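Participant: Kindly return the folded structure for what I paste below:
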Amino acid sequence: MTVDPITASYLSALRQRIQELAGSRLSEFIHETESTGTIPPPALAAMSDAGCFGRALPLEFGGTGEGLRAFSVQQEELARVWPTAAVAATWTNLSGILLSKFGTQDQQSELLAAIATGRSMGAVAWTEPHGGSDAAALRTTAVRVEGGWLLAGAKRLIDNAANADFLIVGARSDPDGPPRRAMSMFVVHRDNPGFHFGGTYETLGLKGAGVGHFTLHNCFVPDADVFGEVGRGFYQMMAMVEFGRTGVAAMCVGIAQRALDSAVEFLADRASFGRKLSDNDVILAAVADMRIKLDGARLLTERAAIMFDAGQRCTVEAAVAKVFASEVAVATTAAALHLHGGIGFTNEMPIERFFRDCQAFTIGEGTSEVLRMVIGRHEFAQGRPAR
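Facilitator: Model prediction:
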């Protein structure tokens, strides 16, 4: 996906708009969502009005067509206030980009404009109960029948499963074929016969993300809802990991920035044993380490986004950004919580919520362990350097 270069001034203005949206309009819904586990419709409407659901989607279908770099700025600023809202924006942009790249004209006409403008929501369902990191090991089956396919299996830990009007589901369409060439993807609607939603999980953080599970009992999917090319589902899914992982990295940058800001604000006017904490060498070193790691995460994320928008492969760069940024978010929120002292351990301070929310990001979109395998294998694939 190649987009016109976005100027620094435009990105700065976008950053300010999303800061205002998150700080003045979305923040009021955080407490309700934490209590109910559901994002209120007015919050979603405000995000839709601001273009959050179509930031990276094509103009002809109601998106803004601004690319991954602009999407990353959006995700960073949303996550800086409310990470769950950033995850909500991921649902539509990721499923929408899959539709724009691989969907039929009818699928695009029916679904893409609706999700770009927030009238509908999608989800991508790949992970299964027996495991998630091995994307080629699906057990959900798709059997060819007259006029379509019968899907049977189960999916779990699917973001937005609770709210999605449709799901892009991965299944094994050739039981005897090589794993990576035996997968296909299908558009499954909630009212398809044989689709059974099983409920949502009570998650540690990201309340309102609608993480759920469902089963497919000979769920009939007509030929018109086959997604992309039969047998190419694995490759279609892998084509989107660069976008997904860079987006996660951007959210983690936002969380880390908020953790740093919170720690500095909390400590600025505090003293202990007659000495300002902002003059304490140990405190200064801790805050400096947070800033150093944050800057590294932001630069790695921007590198991957620029490459993606330029149409360059950035599989390794996106993996590097995601591993580093997600681990920085975990470490930085933990450090900030500790610097808040006992009050940081309570829900009286937002840092407790950010600490919970960020734990998901070293797991989703590729665990840190799996992505380290991707990065390491790439280095050996380059061959030995000349001596």
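
Participant: wait, what's in contact with Gly51?
Facilitator: By CB atoms under 8 Å, 6 or more residues apart in numbering, the contact set of Gly51 is Thr64. C-beta here means a position set from N, CA and C on the backbone, and glycine is covered the same way.

Participant: gap between it and Val188?
Facilitator: To Val188, Gly51 is 27 Å away according to CB to CB, to the nearest Å.

Participant: can you check Ile255 too?
Facilitator: Taking CB to CB as the measure, Ile255 falls 32 Å from Val188.

Participant: Neighbour count for these two, which is higher?
Facilitator: The neighbour comparison of Ile255 against Val188 (other CB atoms under 10 Å) goes to Ile255, with 29 against 26.

Participant: In this structure the more buried one contacts Arg353, no?
Facilitator: No. Counting by CB atoms under 8 Å, Ile255 does not reach Arg353; the two are 10.1 Å apart.

Participant: residue with max distance from the center of the protein?
Facilitator: Largest separation from the mean C-alpha position in the chain: Gly274, at 45.1 Å (CA atoms, centre = their mean).

Participant: Quick check on it: phi, psi?
Facilitator: According to degrees, to the nearest 10, the main-chain angles of Gly274 amount to phi 80, psi 10.

Participant: same thing with Thr367?
Facilitator: Torsion angles, degrees, to the nearest 10, at Thr367: phi -70, psi 160.

Participant: Which neighbouring residues are in contact with it, exactly?
Facilitator: Thr367 neighbours (CB under 8 Å, 6+ apart): Ser133.

Participant: Tell me the confidence at it?
Facilitator: pLDDT, Thr367: 95.

Participant: so where do the helices sit in this structure?
Facilitator: 8-20, 30-36, 41-49, 67-81, 83-102, 105-107, 113-116, 233-238, 241-267, 281-309, 315-339, 351-357, 368-381 (DSSP state H).

Participant: buried residues in the fifth one?
Facilitator: The neighbour-count criterion (16 or more other CB atoms under 10 Å) identifies 83-100, 102 as the buried residues of helix 83-102.

Participant: same check, this time on the last one
Facilitator: Within helix 368-381, the residues scored as buried using 16+ other CB under 10 Å are 368, 370-371, 374.

Participant: ok, of the residues you listed, which one's closest to Val145?
Facilitator: Using CB to CB, Val370 is the member of the buried residues of helix 368-381 that sits closest to Val145, with 35.1 Å.

Participant: Contacts only, for the closest one.
Facilitator: Counting by CB under 8 Å, 6+ apart, Val370 touches Ser133.

Participant: Okay, Ala88 and Gln236: tell me how far apart.
Facilitator: Ala88 is 23 Å from Gln236, by CB to CB.

Participant: Lowest-scoring secondary structure element of the chain by mean pLDDT?
Facilitator: Each helix and strand of the chain was given a mean pLDDT (mean pLDDT, DSSP states H and E); the minimum falls on strand 271-272 at a mean of 86.

Participant: Check which helices and strands that one is in contact with.
Facilitator: Judged by 3 or more CB pairs under 8 Å, 6 or more residues apart in numbering; DSSP states H and E, strand 271-272 has no packing partners among the helices and strands.

Participant: In the record's domain split, what are the boundaries for the chain?
Facilitator: What automatic domain parsing lists as the domains of the chain is 8-120, 124-233, 240-381.

Participant: Any idea how far apart the tips of the longest one sit?
Facilitator: Here the two ends of domain 240-381 are set 22 Å apart, with distance taken as CA to CA, to the nearest Å.

Participant: Kindly report the same for the shortest one.
Facilitator: Terminal residues of domain 124-233 are spaced 12 Å apart (CA to CA).

Participant: ok, now stretch 191-203?
Facilitator: Stretch 191-203 has an end-to-end distance of 26 Å (criterion: CA to CA).

Participant: Work out the gap between it and the centre of the chain.
Facilitator: Relative to its chain's centre, stretch 191-203 lies at 21 Å (CA atoms, centre = their mean, to the nearest Å).

Participant: what's the neighbour count on Asp49?
Facilitator: Quick note: Asp49 (other CB under 10 Å) scores 13 neighbours.

Participant: cool, and Ile363?
Facilitator: The number of residues packed near Ile363 is 15, by other CB under 10 Å.

Participant: Quick check: Thr362 vs Gln16, distance?
Facilitator: To Gln16, Thr362 is 30 Å away according to CB to CB.

Participant: For the two, indicate the residue with more neighbours.
Facilitator: Neighbour totals were compared for Thr362 and Gln16, and Thr362 leads with 21 against 11 (other CB under 10 Å).

Participant: pLDDT weak spots in the chain?
Facilitator: The chain contains residues with pLDDT under 70 at 1-5, 383-387.

Participant: hang on, the earlier thing: ok, the buried residues of helix 368-381 vs Asp176, which is closest?
Facilitator: Closest approach to Asp176 among the buried residues of helix 368-381 (CB to CB): Val370, at 26.9 Å.

Participant: OK, contacts around Leu99?
Facilitator: 107-108, 111-112, 115, 122, 168.

Participant: So what touches stretch 253-270?
Facilitator: With contacts defined as CB under 8 Å, 6+ apart, stretch 253-270 is touched by 75-81, 83, 86, 276-278, 283, 286-287, 290-291, 293-294, 297-298, 301, 325, 328-329, 332-333, 335-336, 339-340, 349-351, 354, 357-358, 361.

Participant: Give me the buried subset of those.
Facilitator: 75-81, 83, 86, 277, 283, 286-287, 290, 293-294, 297-298, 301, 325, 328-329, 332-333, 335-336, 339-340, 349-351, 354, 357-358, 361.

Participant: And the residue farthest from the centre of the chain, how close does it get to Ala285?
Facilitator: To Ala285, Gly274 is 21 Å away according to CB to CB.

Participant: same question, Arg356
Facilitator: Relative to Ala285, Arg356 is positioned 26 Å away (criterion: CB to CB).

Participant: Which one's more surrounded, those two?
Facilitator: Arg356 (18 against 10).

Participant: Good, wrapping up.
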